[in-house]
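A.B. asks: Structure here, sequence nowhere to be found:
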């Protein structure tokens, strides 16, 4: 236990120390010191996480739940800061710190020419700290701290280039949309406190009774997850977040922060399991995000936005898995996705550097000739993304699709078809990107072409380091996932346990699953998708333009992203502003100030104007008044 | 350990005497020295403070006007201790900032006004005699009127006038109520008031009289409209103290007079007060979004944040059966008072730092400040986030506790209170975006002077305080437990 105590504290403290020193010393420390310091500390954090994970895999460690200090205590409320480490958080922290470490190294190359270089390292270390606090929290309040912390750093990093008006629009949008989710999450905490009088996970989970209104709690918590993990209709911030530097798109908006919602739901599985209604809602929302957002990837031209829509779609997969109670499958896909999606983003960033920050895939072409490492690693990432048998993405995605097939949940059928057809869409947009960027003719200008070359090793090494787990991690994890590796952390009711059903009926080992993968329906659809991409963008490049003209309405809908942005920016936002303006001008200024306050002042002045007549200063006026008064008094006394 | 020096009287009268001396003989460093001494005194008060009792401590008692049974009674409990600390700390910062932000000719009178006011404000928090309280409560406003009226902006006369009109209207009702209670108790000691059992009918009348008096100060909707004007016209230090301390007077008055003395009246009218608080949170939040003047925006945000204070106090009456939760709400309200003092003060310092350089408060005329003043941008960001209520800053603690507690009173209260998450972020960060982010559009912005040492000291101290409370609020909650629990018992002891 003592050992775990030190390891856990080091995991969290190392990035915090890095962030604080580099933040306070922004002016004094040199660039080299800053990046060495932060990168080394994150590496330290990674190795500690790895030690913890290995300990859990060996079965050496038991669940660790320890409070560091009492944050606040009042009445019946006791809030502590502490860490919960079990297999679930051990896996998560290893993934988070590994990707973060890779992104730190990559940024040394990617951000080399940026004036905000040191500030950038400070932010990403701070992010790593906040994310670890979120993952390792042992209570709802601390999770909220990490939750808001990652949101804050995401806000700061989307607006990293704060001179760009589009960047500072996108970061405010991201923060506000996330706040809508936090609104739900915070109310969820309030309900939990009301019913359980504690916010400590373990205490809450053991006190769940059939009478607990889990539906209300779970809906509120899930609203938070919807914003953080970008599910319809709170997904609008994620594509715009691509305004930030590419390394953070990889770290925050693909691998870690956006999956926080998925992690949160999995962590709270004892609550969610009790509400069929909310699980169905989760399934439907996940399926819709998975399918509809994938389609949008097909019409995008910006390389980062394509990857961003694919992130939305993959998050949809994870949420579907949550909805059908296959929490372990969701976490599995979260892990594999973290590796291959970070890889894809960093690869895209590599291409963007080579293209001198031109992100339009229609200006690229045939880059494989100039950037072989980027090409090969991106190809690996893409194969993992589309779930090519054998890659990590295959195991996790196939597992979700199979689980959806076995699911008897109310929305199980929707989940199955949505995830199945998304395989086709995923293959289509992914290979559209691969073909347009790395194959076909060279469409870039001459000045760009002359300088095309592979990036420095500091950029390509992280790509290679991420490509390895993108292939291998699936094979190693699948056995554990199907044999209750997370049993201590994730609770599934027996009647909902689709993964166990799948393991019992079909699963005989990673290799047979791989073989089965070649004759399954998803594989066919995937081939179809790749073939379609090849036909449309390599063989007959004029097909898309013909289609665009024929299906004008469809294209308009897709280009406008189904109108969500229009709804928020053209209808809801102006309404809020008009409300504020109306209340201010009518109630505050007109009614209260003009009518009541100034009105009182004027009416006093008005009354005083008449009263003034009485204070004439002439003695005979006063004497006359006194006599008159005396007379009235006498009359009253005699006759009253 | 025995303390022979009357500590509380020293904390009150030392700055007042020093201020008077300063008016006669200008001394440039006296205000800072006095502030440091006062801080030292407060710390020694805190060190000799017993947090395990709700009883008043360090009591001082002297006959004042025996014929009228008036006494000069002072005492301190956890609540007033923290508020006095806040007062002295904020005045200290105002004095530091004044060195570079205030014209040399005005400096002397300006600082004298502030340290006199510091003493008077401490008097309000220490007073245990209702009439003494009233005297400090009113006397404190005189320097404030002068500060706004003499060194304020172009519309200062209207602002001061409105301010006076509102506060004196309220004060009259307060005086009448105090006289009535004094007559009833045959004493003006606040502690004797607490032992009174006032009839229901009288409680209802007194409730409205006192509510009006204190609501003006808080300020609650709809008697809030003096605040945006007073803030916009006040000089930086005036805005800081007004937001940080003066607004707390109203809430403190409620804690000392309304909740324990008139529990039945409060319970009877808790619903309307809660609704007014929620209006302050929601309605004022919306109004804040569209403000064009930075100071007005922060003033409106102050009203919204003070809504949490009144909400946290009055939800207790809606959950009579659950005392512990009522304590959560009440302590949350007090923490919110302290945090709001720091955060709104910090934001007014931020605006002040820009105002002395550009002489405008209009959001439109700024943009891209981060390009020129990165350090300033970082501090402003932290304070803005505290205003938004981000966990890890002090702004989160009070709001969180009040929302948690209010759910028991009614889920709808929690629902409307939680709208601040979205509204608060909207108005604060939208303003931040337009002022600090973006490219430079106004030439004046590009020639802004870097922060002076004094400003850096002020911002750093505030940042440390805000983060410390955010990371470890138990530090402040600890002395509050006993008085808050006792107060809740008094409140809920409705037979």
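C.D. replies: Arrived safely, thanks for sending. Keep in mind it's a predicted model, so treat the numbers as computed, not measured.
A.B. asks: C-alpha from now on. contacts and neighbour counts both.
C.D. replies: OK.
A.B. asks: so what does the lengthiest helix in chain A touch, helix or strand wise?
C.D. replies: Selection of the longest helix in chain A by residue count, based on DSSP state H, yields helix A:165-196. When contacts are defined as 3 or more CA pairs under 8 Å, 6 or more residues apart in numbering or on different chains; DSSP states H and E, helix A:165-196 sits against helix A:140-158, helix A:214-228, helix A:237-240, helix B:394-409, helix B:411-418, helix B:420-435.
A.B. asks: One more pass at 10 Å, please.
C.D. replies: helix A:140-158, helix A:201-206, helix A:214-228, helix A:237-240, helix B:394-409, helix B:411-418, helix B:420-435 (3 or more CA pairs under 10 Å, 6 or more residues apart in numbering or on different chains; DSSP states H and E).
A.B. asks: Against the centre of chain B, work out the most remote residue.
C.D. replies: For chain B, the residue at maximal distance from the C-alpha centroid (CA atoms, centre = their mean) is residue B:443, at 36.9 Å.
A.B. asks: can you tell me which residues contact that residue?
C.D. replies: Counting by CA atoms under 10 Å, 6 or more residues apart in numbering or on different chains, residue B:443 makes contact with B:365-366.
A.B. asks: Then residue A:47?
C.D. replies: With CA under 10 Å, 6+ apart, residue A:47 has these contacts: A:7, A:11, A:41, A:53, A:94, A:97-98.
A.B. asks: how far away is it from chain B?
C.D. replies: 27 Å (CA to the nearest CA, to the nearest Å).
A.B. asks: doesn't residue B:410 make contact with residue B:317?
C.D. replies: No - Residue B:317 lies out of contact with residue B:410 (CA atoms under 10 Å); the separation is 11.5 Å.
A.B. asks: So for these two, which residue has more residues nearby?
C.D. replies: Set residue B:317 next to residue B:410 and count neighbours by other CA atoms under 10 Å in any protein chain shown: residue B:317 wins out with 25 against 13.
A.B. asks: pretty sure that one belongs to a helix, no?
C.D. replies: Yes - assessed with DSSP: H, G, I helix; E, B strand; the rest coil, residue B:317 lies in a helix.
A.B. asks: quick revisit: any idea how far the longest helix of chain A is from the middle of the chain?
C.D. replies: Offset of helix A:165-196 from its chain centre (CA atoms, centre = their mean, to the nearest Å): 11 Å.
A.B. asks: Now do the buried residues in that helix.
C.D. replies: Applying a neighbour-count criterion of 16 or more other CA atoms under 10 Å in any protein chain shown, one finds A:166-194, A:196 buried in helix A:165-196.
A.B. asks: could you give the mean pLDDT of it?
C.D. replies: Average pLDDT, helix A:165-196: 91.
A.B. asks: Contact partners for the residue in the stretch 451-600 of chain A that chain B sits nearest to?
C.D. replies: Of all residues in the stretch 451-600 of chain A, the one sitting closest to chain B is residue A:580 (4.3 Å; CA to the nearest CA). Neighbouring residues of residue A:580 by CA under 10 Å, 6+ apart: A:574, B:282-291.
A.B. asks: Also residue A:491?
C.D. replies: A:205, A:266-273, A:325, A:327-328, A:497.
A.B. asks: Closest one of these to residue A:517?
C.D. replies: residue A:328 (19.9 Å; CA to CA).
A.B. asks: The closest one and residue A:54, how far apart?
C.D. replies: 19 Å (CA to CA, to the nearest Å).
A.B. asks: out of those two, which sits in the more crowded spot?
C.D. replies: Higher neighbour count among residue A:328 and residue A:54: residue A:328, with 30 against 16, using other CA under 10 Å.
A.B. asks: Quick one: neighbours of the residue nearest to residue A:542 when sequence neighbours are not counted, just the number.
C.D. replies: Closest residue in space to residue A:542, ignoring its immediate chain neighbours: residue A:536 at 7.2 Å, by CA to CA, 6 or more residues apart in numbering or on different chains. Using other CA under 10 Å, residue A:536 is surrounded by 17 other residues.
A.B. asks: follow-up on the earlier one: lowest-confidence entry in the contacts of residue A:491?
C.D. replies: Ranking the contacts of residue A:491 by pLDDT, residue A:497 lands last with 84.
A.B. asks: Quick one: mean pLDDT over stretch A:125-132.
C.D. replies: 94.
A.B. asks: which residues of chain A fall in strands?
C.D. replies: A:64-74, A:77-85 (DSSP state E).
A.B. asks: got the buried residues for the shortest one?
C.D. replies: When you say that, I think you mean strand A:77-85. For strand A:77-85, using 16+ other CA under 10 Å, the buried residues are A:77, A:79-85.
A.B. asks: and that strand, what does it pack onto?
C.D. replies: For strand A:77-85, the packing partners by 3+ CA pairs under 10 Å, 6+ apart are helix A:2-24, helix A:31-58, strand A:64-74, helix A:87-110, helix A:117-136, helix A:140-158, helix B:323-358, helix B:394-409.
A.B. asks: Nearest to residue A:414 among these would be which one?
C.D. replies: Taking the helices and strands packed on strand A:77-85 one by one with CA to CA, helix A:87-110 is closest: 28.1 Å.
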